[in-house]
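Novice: Any chance you can model this:
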Amino acid sequence: MSFALRVVVVVSLLLSGFARAESAFPVTLEHKYGSTTINAEPVRVVSVGFSDQDDILALGVKPVAVREWYGDMPYATWPWAQDELGDAQPVVLGSRDLDFEAIAELQPDLIIGVSSGMTEREYQQLSRIAPTLPQSGEYIDYGVPWDVRTRTIGKALGQFEQADALVNRLDARIDALRDSHPEFHGKTAAVAFYYNGDIGAYTSSDLRSRLLVRLGFDIPAAYDDIAGDAFYASFSEERIDLLDVDALIWLSGGDALKTSDALTLRPTLRAYQQGREIFVGDLLAGAYSFFSPLSLDYVLDELVPELALAVDGDPSTLVPSSAQ
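Specialist: Got it, this is the predicted structure:
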């Protein structure tokens, strides 16, 4: 292909992409507090969700501001998203109260907060600054499924086809892993935590638990009963028996294995006695919690092999993360 012809092809592709983006607008998105209309392709995007920046970056957009969640990473961006961030230097908003003045100074043309848990009052204040996208009202706060979140953000950015392709690829991988591990089917599993003296587990509405269900596991109904409208259930150590499942994943800050050793009743669990515990370190915990198109491959690479060892029926099989 000649140089001139290559230039024509590249220009044609760029124009085609521009035309597709332009044709995606205006777009109106329904959500928890009504609807938001975006009239043109956003350029200055502020992310106030705790994990939405991953979806935005995965779709080729570099937000002018992101929100800190935890981990103290450069520009609140974890390793799996650093390549997509590149040399961009977004403003980092605090993890507590939203700084409306700082957001307004950035002159955004779109504010995305699908994973923010924003209140209606916060939504109204943000909407005075720019079109604002909170979560759907179909799910509990922080409970929007990752695929719904990605596709919703894709529509808001005029990148729905790219978002749909990301979701379809990962969905296919999860389905393939489920089919290749029939031993997961019908087994019980829990994503548990022990943090600042609290013990508990995430409900079936939580994104981390949803992945286990997709892989074939069952989440004990007791967690949903205890949690009510929340995405996690807390209970006393005396009820640690609620964590006696076929595959017990400990998700805690810092050294999860050392932290769980402080639980005096943990040795009474059959999961403990039979080597069916999995301990999630900082990086995997972050990837599992962000649960984004950028972090999910790493989660599957690291977690699925340990799940297979945990439920193989042989107590002598060592789950690597549980090694003392």
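
Novice: Can you pull the poorly scored residue ranges out of the stretch 1-150 of the chain?
Specialist: Scanning the stretch 1-150 of the chain for pLDDT under 70 picks out 1-22.

Novice: mind redoing it with 80?
Specialist: Residues of the stretch 1-150 of the chain that meet the criterion pLDDT under 80 lie in 1-23.

Novice: Going along the chain, name the helices of it.
Specialist: Secondary structure of the stretch 1-150 of the chain (DSSP state H, counting those that start in this stretch): helices at 3-23, 52-58, 82-85, 100-105, 120-127, 146-157.

Novice: pLDDT (mean, whole number) over the helix or strand encompassing Val304?
Specialist: Taking DSSP states H and E as the criterion, Val304 maps to helix 296-310. The predicted model assigns helix 296-310 a mean pLDDT of 97.

Novice: List the buried residues of that helix.
Specialist: For helix 296-310, the buried set under the neighbour-count rule, 16 or more other C-beta atoms under 10 Å, comprises Leu296, Tyr298, Val299, Leu300, Glu302, Leu303, Val304, Glu306, Leu307, Ala308, Leu309, Ala310. In short, each C-beta sits where N, CA and C put it, glycine included.

Novice: next one: stretch 53-72
Specialist: 53-59, 61-67, 69, 71.

Novice: From Leu303, how far off is the residue most central in space within the chain?
Specialist: Residue closest to the average C-alpha location in the chain (C-alpha atoms, centre = their mean): Phe291, at 2.5 Å. Noted for Phe291: a distance of 12 Å to Leu303, by C-beta to C-beta, to the nearest Å.

Novice: which residues of the stretch 201-324 of the chain score low on pLDDT?
Specialist: By pLDDT under 80, the weakly predicted segments of the stretch 201-324 of the chain are 252-262, 322-324.

Novice: if you go through it in chain order, where are the helices?
Specialist: Using DSSP H, counting those that start in this stretch, helices in the stretch 201-324 of the chain cover 207-214, 221-227, 256-260, 270-273, 282-290, 296-310.

Novice: on that earlier part again, just checking, the residue nearest to the centre of the chain touches Tyr298?
Specialist: No. Phe291 is beyond contact range of Tyr298, at 10.9 Å (criterion: C-beta atoms under 8 Å).

Novice: Which residue is the nearest non-sequential neighbour of Ala285?
Specialist: Computed as C-beta to C-beta, 6 or more residues apart in numbering, the closest residue to Ala285 that is not its neighbour in sequence is Leu251, at 5.5 Å.

Novice: Report the beta-bridge partner residues of the one you found.
Specialist: Val280 (DSSP bridges).

Novice: ok, it - how many residues close by?
Specialist: Leu251 has 22 neighbours, counted by other C-beta atoms under 10 Å.

Novice: in terms of contact, does it touch Val191 like I think?
Specialist: Yes. Between Leu251 and Val191 there is a contact at 5.4 Å, judged by C-beta under 8 Å.

Novice: Need the overlap of contacts for these two.
Specialist: Tyr202, Arg208, Tyr288 (C-beta atoms under 8 Å, 6 or more residues apart in numbering).

Novice: Just the closest of those residues to Leu106, please.
Specialist: Tyr288 (30.2 Å; C-beta to C-beta).

Novice: Next, work out how far apart the closest one and Ala58 are.
Specialist: Taken as C-beta to C-beta, the span from Tyr288 to Ala58 is 17 Å.

Novice: show me what contacts Asp244?
Specialist: Leu269, Arg270, Ala271.

Novice: cool, and Arg151?
Specialist: With C-beta under 8 Å, 6+ apart, Arg151 has these contacts: Phe160, Ala163, Asp164, Val167.

Novice: for the protein, which strand is longest?
Specialist: The longest strand of the chain (DSSP state E) is strand 189-195.

Novice: Look at the nearest residue to Leu29 once chain neighbours are set aside and say how many residues are nearby.
Specialist: Of all residues not flanking Leu29 in the chain, Thr36 sits nearest, at 5.4 Å (C-beta to C-beta, 6+ apart). Using other C-beta under 10 Å, Thr36 has 20 other residues around it.

Novice: Kindly report the same for the one 4 residues further on.
Specialist: Burial of Ala40, expressed as a neighbour count using other C-beta under 10 Å, amounts to 14.

Novice: thinking it is in contact with Pro26, fair?
Specialist: Yes. Ala40 lies in contact with Pro26 (C-beta under 8 Å); the separation is 7.5 Å.

Novice: Spatially nearest residue to Pro267 (excluding sequence neighbours)?
Specialist: Gln273 (7.2 Å).

Novice: re the thing from before, make JSON lines from the buried residues of helix 296-310 and add distance to Tyr195 to it.
Specialist: Below are these laid out as JSON lines (distance: C-beta to C-beta, whole Å):
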{"residue": "Leu296", "distance to Tyr195": "23"}
{"residue": "Tyr298", "distance to Tyr195": "22"}
{"residue": "Val299", "distance to Tyr195": "20"}
{"residue": "Leu300", "distance to Tyr195": "25"}
{"residue": "Glu302", "distance to Tyr195": "21"}
{"residue": "Leu303", "distance to Tyr195": "20"}
{"residue": "Val304", "distance to Tyr195": "25"}
{"residue": "Glu306", "distance to Tyr195": "21"}
{"residue": "Leu307", "distance to Tyr195": "22"}
{"residue": "Ala308", "distance to Tyr195": "27"}
{"residue": "Leu309", "distance to Tyr195": "25"}
{"residue": "Ala310", "distance to Tyr195": "22"}
